[in-house]
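**Student:** Mind looking at a prediction? Sequence and model below.
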Amino acid sequence: MNKRVFLIVLDSFGIGGMPDAEKFGDEGSNTLLSISKSSKFNTPNLEKLGLFNIDEVDCCKKSDNPLSSYARIREASNGKDTTIGHWEIMGVESEKALPVYPNGFPDEVIEKYKKLTSKNVLCNLPYSGTEVINDYGEEHIKTGDLIVYTSADSVFQVAASEDIVPVEKLYEYCQIARDMLTGEHAVGRVIARPFIGNKKGEFKRTTNRHDYSLKPPKKTVLDYLKSAGKDVIGVGKIYDIFDGEGITEKIKTNGNANGMEVTLKLADRDFDGLAFINLVDFDMIYGHRNNVDGYANAMSEFDAQLSQLLPKLRKDDMLIITADHGCDPATPSTDHSRECVPLIIYGHNIKGNNNLGTITSFAHIGATVADYLGVDAKSDADSILKDILK
């Protein structure tokens, strides 16, 4: 019988600072604690699975008999960004952090980009994606200059009106940036950010975003699964994060709810391998915008859809719920936070009420997925399958 693994990444769902959080400016960050204080937070299914039984999680009611194997898991890599977090989940730890640009990109980078694209550049600062088009959109429409900006993450973002720069042309400009940004300036992602609207206050980003990711430095568990003939289904931005490496099927989504709708459909489908799902709204819409109630409500909505997924799981299915970093919406910062993340593993063959304590690398996840699917894969951390199987 086919074995299926559903790996859901709740993008930015941290559960408390790592021991080195102070080094990253994140001492005191705790995404879960912050959103649990909101009246919008209601997660009975995560409670039953054992989220609040995880070591050092001191909010909400603990389950008397949690249904899952669960742990508090630390990132081994030197970073707190989406790209490195996902690489590590799939077995590749990164000693070197990806470059970030708190003061914008150096003049030599921008001048080279202008020369290669024959376009002038606006902004070149860390910025909110919605605010940058509001502040620079009218000038962009008037001049045709590209809006280039970054964030706390390792990203080079290019925004343009779809009426001024056709989407395919914007993609071309972003590919130029991706090819250009190598060596010390090898950012994790170049992101195309098209928008519509004609004046300040009316600009809106469209769903035509496209990410151009840095390829992983070596083979990930996804590559080993694909080579073994397994299905590797990337849902949401998974395909973009890995630049398509190791993915056999890409399913684009337009938000958390749609991502879970796709997951529910996949649960009704026969496949043999991994469905790897990223739910980005927690980070993009709520964490980065310091929206505590919005984050809490989004987690409650996920929990409600989780109640639909659990009964669909078959005898040989494994469900893994985790995250890639934190993004505490209650702190003054709008940046990612260096936090531990939850690891919840559930299935008919998986031990319940099984506290695995603290695990010291996300890479255990990918190794465990490969082990469960019977694939020999190299990972920077070992499988924990023997600790969770009944």
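**Tutor:** Ah, there it is.
**Student:** which residues sit in contact with the closest residue to S94 other than its chain neighbours?
**Tutor:** Distance criterion CB to CB, 6 or more residues apart in numbering; nearest residue to S94, sequence neighbours excluded, is S77 at 4.1 Å. No exception for glycine: its C-beta is placed from N, CA and C like everyone else's. S77 sits next to 84-85, 87-88, 93-95, 97, 362 when contact means CB atoms under 8 Å, 6 or more residues apart in numbering.
**Student:** out of those residues, which are buried?
**Tutor:** For those, a burial check counting by 16 or more other CB atoms under 10 Å picks out 84-85, 87-88, 93-94, 362.
**Student:** Out of those, which comes closest to Y286?
**Tutor:** Closest to Y286 out of those is G85 (17.5 Å), distances taken as CB to CB.
**Student:** I'd say that closest one and F362 touch.
**Tutor:** Yes. The criterion here is CB atoms under 8 Å, and G85 meets it with F362 at 6.7 Å.
**Student:** who touches both of those two?
**Tutor:** Both G85 and F362 are contacted by 75, 77, 324, under the criterion CB under 8 Å, 6+ apart.
**Student:** The last one: how many residues sit nearby?
**Tutor:** What that stands for is D324. Using other CB atoms under 10 Å, D324 has 28 neighbouring residues.
**Student:** That one and L181, how far apart?
**Tutor:** As judged by CB to CB, to the nearest Å, D324 and L181 stand 21 Å apart.
**Student:** Throw the buried ones among the contacts of S77 into TSV and include distance to I176 and secondary structure, thanks.
**Tutor:** Listed next are the buried ones among the contacts of S77 as TSV, based on distance: CB to CB, whole Å; DSSP: H, G, I helix; E, B strand; the rest coil:
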residue	distance to I176	secondary structure
I84	24	helix
G85	27	helix
W87	24	helix
E88	29	helix
E93	31	coil
S94	25	coil
F362	32	coil
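**Student:** and which of the residues you listed is nearest I241?
**Tutor:** W87 (8.1 Å).
**Student:** thinking that closest one is in contact with K218, fair?
**Tutor:** No. Applying CB under 8 Å as the test, W87 and K218 come out as separate, 9.4 Å apart.
**Student:** in its sheet, what does the helix-or-strand element of the chain with minimal mean pLDDT sit against?
**Tutor:** The weakest-scoring helix or strand in the chain, judged by mean pLDDT, DSSP states H and E, is strand 210-213 (a mean of 90). Here strand 210-213 has these sheet partners by DSSP bridges: strand 189-196 (antiparallel).
**Student:** For the strand it pairs with, which residues meet the burial criterion?
**Tutor:** Applying 16+ other CB under 10 Å to strand 189-196 flags 189-195 as buried.
**Student:** Just the closest of the contacts of S77 to F302, please.
**Tutor:** Nearest to F302, judged by CB to CB, of these is G85 at 18.4 Å.
**Student:** Could I get the average pLDDT for stretch 357-370?
**Tutor:** Per-region confidence: stretch 357-370 scores 98 on mean pLDDT.
**Student:** ok, and what's touching it?
**Tutor:** With contact meaning CB under 8 Å, 6+ apart, stretch 357-370 is reached by 5, 7, 55, 71-77, 85, 88-93, 220-221, 224-225, 274, 318, 320, 322, 324, 340-341, 343, 345, 376-377, 379-385, 388.
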